[in-house]
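**Student:** Any chance you could fold what I've pasted below:
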Amino acid sequence: MQLTNIQLLQGKIRLLTGLHIGAGSEEMHIGGTDNPVIKNPLTGQPYIPGSSLKGKMRSLLEWQLGVVSLTEGKPLSFKHITKTPNPAAAKQLLKLFGGSPDPSNDEKLIAEIGPPVWHSGIAH
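**Tutor:** Numbers count the residues shown, from 1 in each chain. Just a heads-up that it's a prediction; the model follows:
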């Protein structure tokens with residue numbers, strides 16, 4: 001697999017409710033906060049990590065797809081595809097965000113959604 005293209009997506013996020021993305025702290029200091037906000041180490045400005053945005057987008061898409069009750073609140077995975085109301089959309093969501101293949105899943109399905117399988121340096 002080789003990187004062939006990079007796309008830049010830009011936009012603005014408008015915060016309508018409270019938001020707190022905390023940074024872990026191993027120690028408590030006198031007068032310190034117990035749940036500090038993640039900040040850019042160079043500018044000191046708070047920011048939202050890309051992984052948090054990715055997780056929120058995936059969560060919202062899973063709600064829209066109607067699979068949250070099916071997966072019992074866990075992320076959609078390969079084993080849920082055949083049980084979803086829209087298997088094609090579920091495959092696209094897994095292709096976009098990834099998933100954990102289960103060894104009992106159909107290998108053809110895993111190959112269709114997941115990254116190419118490499119044998120002797122050749123992608124199949």
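**Student:** count of residues packed around the closest residue to residue 21 other than its chain neighbours?
**Tutor:** Among residues not flanking residue 21 along the chain, residue 38 sits closest, at 5.2 Å (Cβ to Cβ, 6 or more residues apart in numbering). Using the backbone N, CA and C atoms, a C-beta is placed for each residue, glycine as well. Residues lying near residue 38 (other Cβ atoms under 10 Å) number 15.
**Student:** What distance do you get for residue 38 to residue 16?
**Tutor:** Residue 38 is 20 Å from residue 16, where distance means Cβ to Cβ, to the nearest Å.
**Student:** Verify the stated contact: the residue nearest to residue 21 with residue 49.
**Tutor:** Yes - with contacts counted by Cβ atoms under 8 Å, residue 38 reaches residue 49, the gap being 6.5 Å.
**Student:** who touches both of these two?
**Tutor:** Common contacts of residue 38 and residue 49 (Cβ atoms under 8 Å, 6 or more residues apart in numbering): residue 21.
**Student:** Identify the residues contacting the longest helix anywhere in the chain?
**Tutor:** Longest helix of the chain, by residue count under DSSP state H: helix 50-65. With contact meaning Cβ under 8 Å, 6+ apart, helix 50-65 is reached by 21, 68, 71, 75-76, 84-86, 89-90, 93, 97.
**Student:** Next one: residue 39 from residue 49, what distance?
**Tutor:** As for residue 39, its distance to residue 49 is 11 Å (criterion: Cβ to Cβ).
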